[in-house]
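[1] Sequence and predicted model, in that order:
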Amino acid sequence: METGVGIIGWGTYLPELVETAADLAPRTGIPEAVLREKMGIRQRHVAGPGDSVSAMAAQAARRALERAGLPPEQVNLVISHGSEYKDHVVWNAAGKIQHLVGAVNAQAFEVYALCAGAPIALNVARSMMLADPSLRYALLAAASRENDLINYQNPRTRFMYNFGAGGGALVLERGARRNLIIGASAFTDGSLSETVILTADSVGDGPEFMGDVRGRLDVRDGEYMSDRLGEVSLLNFVRVIREAVEKGGASLDDVKFLGLVHMKQSFFAQVLEAIGLTPEQSVYLEDYGHIQSVDQALALALGLAQGKIKPGDLIVLAGAGTGYTWSAVAIRWG
């Protein structure tokens, strides 16, 4: 029988502090109803002083390992695919996560593709594990608190007001017989590579420096970004989702659940409709916001908890990140 790689554990971590749409309204100048109904922000979690990227990722990773019933010493590979706004700059967060969870026998490195990172990291890990029989167990962990990098008085970054904080993790097994990864796809439109950058020109009324980081995220050419994404984003989501399932010998008609990054409600509905799914075949992260490449593990956990994912289902986890990259991974659950 052909060797497969499957998901045997998953876990999330969410900080205790919660901000609601009512909390955000006076900070952004956007009415609470608009934040809730159009932007899909009912509430989001906000990191506390001890919630570094490595700490939140490690919390989620411990829960994923516990669910998998796997001692951390058996992990062979640790991949961090979380935010580049992390504990330190020019630094490998995977090593700290490895240390915090006790995966003392693993190699550890980062894969970074912003909000498209989770499906890509899953494909990287799967490919490495299939090529190298010594890599039996892999831990993928991510965390983000990029809401710190937003100037809420800057209307150009309005689409990033949904950023929240938290961590997510998945445990993979080579030779698994359940929850198998069957295909993955990604695509990048580099013409959008510099539309969103970190710059000191958009600090607002907050501190200029936050640890080693200076500035806030800003949009350099909002008109071009809006026009270009309007032309290609839906098409590229459908493209990578279709390619991922077709690589696994399936079709879009076979997909039963789609786990997506958080986005405004109207576009979320468009993506589901284009794939042929209903809102009941996904989860909308209105109580969590957008937690970068944590969203996929969170959507998976919520889909399972809500009974929306059943044994035998073909599910897809998909994302898109500035740069601009779209990604998807197809999994045969159960």
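    Looks like it came in fine.
[2] Show me the shaky parts of the stretch 201-334 of the chain.
    Applying pLDDT under 70 to the stretch 201-334 of the chain flags residues 205.
[3] how does it look with 90?
    Along the stretch 201-334 of the chain, the parts satisfying pLDDT under 90 run over 201-214.
[4] Where do the strands of it begin and end?
    Counting by DSSP state E, counting those that start in this stretch, residue ranges of the strands within the stretch 201-334 of the chain are 209-210, 213-214, 216-219, 255-260, 314-321, 325-332.
[5] any chance of those in JSON lines, plus distance to Glu37 and mean neighbour count?
    C-beta coordinates here come from the backbone N, C-alpha and C atoms, glycine included. Output for the strands of the stretch 201-334 of the chain, formatted as JSON lines (distance: least, CB to CB, whole Å; neighbours: other CB atoms under 10 Å):
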{"stretch": "strand 209-210", "distance to Glu37": "31", "mean neighbour count": "12"}
{"stretch": "strand 213-214", "distance to Glu37": "33", "mean neighbour count": "14"}
{"stretch": "strand 216-219", "distance to Glu37": "23", "mean neighbour count": "22"}
{"stretch": "strand 255-260", "distance to Glu37": "18", "mean neighbour count": "23"}
{"stretch": "strand 314-321", "distance to Glu37": "22", "mean neighbour count": "26"}
{"stretch": "strand 325-332", "distance to Glu37": "26", "mean neighbour count": "28"}
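[6] what about stretch 48-56, average pLDDT?
    For stretch 48-56, mean pLDDT rounds to 96.
[7] Return the alpha-carbon coordinates of it using CSV.
    What follows is stretch 48-56, C-alpha atoms only, in CSV (Å, rounded to 0.1, in the frame of the first residue of the first chain):
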residue,chain,number,x,y,z
GLY,A,48,-1.5,39.8,26.3
PRO,A,49,2.0,40.6,27.5
GLY,A,50,3.1,37.0,27.7
ASP,A,51,1.5,36.0,24.4
SER,A,52,4.6,36.1,22.1
VAL,A,53,4.3,34.3,18.7
SER,A,54,6.5,31.4,20.0
ALA,A,55,4.5,31.1,23.2
MET,A,56,1.1,31.0,21.5
